[in-house]
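Q: sequence unknown, structure follows:
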């Protein structure tokens, strides 16, 4: 009986030890599972942090690119405005130059027209004075040699010389004709003549004196040309 009892006690003790061992194994397994869960959570957190860092880096890079693009856009926009301003300045400068050129041409044209009008008026007066000069010359040429010392003739001669001096000061000059080659721009041939003194085409006689005013013909000389 005692042996059986002892056997039962031993069985109970073995069962107790087995239970304790199982509890220890369960505790150990539980701790291992907890450690694994913690490790997995830490890895997840680390991965999340890494992804967050990558996203932040991408965001920073994108922002930097956006800033560079904005700066570049602003630079080009500023240059574009500057180019437009330069074009406007060039356009206004060109307009001013054209207006100044037009004004200068207008001034020159006005001065030329005024000079031409003055010359036309002066020529008109000179043409009216020349017949008076012709009459003085004819009258003085008709005076007999014995009467050339008369006071009246001397007075007329002085008036004639004064008139010719006035015309010369006004740039009115007689055209040289006799002994010169016939020039249709200066001479008006009204007849042909024979001459032993001059060759053909040379003016042998002046019938009416011609005059120029500032190198412009006021009246052509009426001449006889050697045939």
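A: In hand now; what should we look at? No experiment lies behind these values; they were computed from the predicted model shown. Numbering: from 1, shown residues only.
Q: list the buried ones in stretch 200-216?
A: For stretch 200-216, a neighbour-count test (16 or more other CB atoms under 10 Å) marks 202, 203, 204, 205, 206, 208, 209, 210, 211, 212, 213 as buried. C-betas here are computed from N, CA, C, even on glycine.
Q: cool, and stretch 81-96?
A: By 16+ other CB under 10 Å, stretch 81-96 has no buried positions at all.
Q: What of stretch 145-158?
A: By neighbour count on 16+ other CB under 10 Å, the buried set for stretch 145-158 is empty.
Q: likewise stretch 166-184?
A: Buried-residue list, stretch 166-184, by 16+ other CB under 10 Å: 167, 172, 174, 175, 177, 180, 182.
Q: How much space separates the second one from residue 103?
A: Looking back up the chat, that one is residue 172. In this view, residue 172 and residue 103 are 35 Å apart by CB to CB, to the nearest Å.
Q: Quick check: phi and psi on residue 200?
A: phi -60, psi 140 (degrees, to the nearest 10).
Q: My error: substitute residue 225 in the last question.
A: According to degrees, to the nearest 10, residue 225 has phi -110, psi 140.
Q: Contact partners for it?
A: Neighbour list for residue 225: 182, 187, 189, 191, 192, 193, 201, 202, 203, 204 [criterion: CB atoms under 8 Å, 6 or more residues apart in numbering].
Q: circling back: so which of the buried residues of stretch 166-184 belong to helices?
A: residue 167 (DSSP state H).
Q: which one of the buried residues of stretch 166-184 is nearest residue 120?
A: Among the buried residues of stretch 166-184, residue 172 lies closest to residue 120 (CB to CB), at 14.6 Å.
Q: Wait, that closest one touches residue 126, no?
A: Yes: using CB atoms under 8 Å, residue 172 is in contact with residue 126, at 5.7 Å.
Q: any residues in contact with both of those two?
A: 211, 213, 218.
Q: Which residue ranges of the chain form strands?
A: 172-174, 187-193, 203-208, 211-213, 216-219, 221-226 (DSSP state E).
Q: Adding distance to residue 117 and mean pLDDT, write those strands out as JSON lines.
A: Listed next are those as JSON lines, based on distance: least, CB to CB, whole Å; pLDDT from 0 to 100:
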{"stretch": "strand 172-174", "distance to residue 117": "18", "mean pLDDT": "92"}
{"stretch": "strand 187-193", "distance to residue 117": "26", "mean pLDDT": "91"}
{"stretch": "strand 203-208", "distance to residue 117": "28", "mean pLDDT": "92"}
{"stretch": "strand 211-213", "distance to residue 117": "14", "mean pLDDT": "92"}
{"stretch": "strand 216-219", "distance to residue 117": "14", "mean pLDDT": "91"}
{"stretch": "strand 221-226", "distance to residue 117": "27", "mean pLDDT": "93"}
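Q: of all those, which lies closest to residue 133?
A: Of the strands of the chain, the one closest to residue 133 (CB to CB) turns out to be strand 211-213, at 8.6 Å.
Q: Can you name the residues that contact residue 213?
A: Per CB under 8 Å, 6+ apart, neighbours of residue 213: 119, 122, 123, 126, 170, 171, 172.
Q: hmm, try it at 10 Å
A: 119, 122, 123, 125, 126, 127, 167, 170, 171, 172, 173, 219 (CB atoms under 10 Å, 6 or more residues apart in numbering).
Q: give me the beta-bridge partners of it?
A: residue 172, residue 216 (DSSP bridges).
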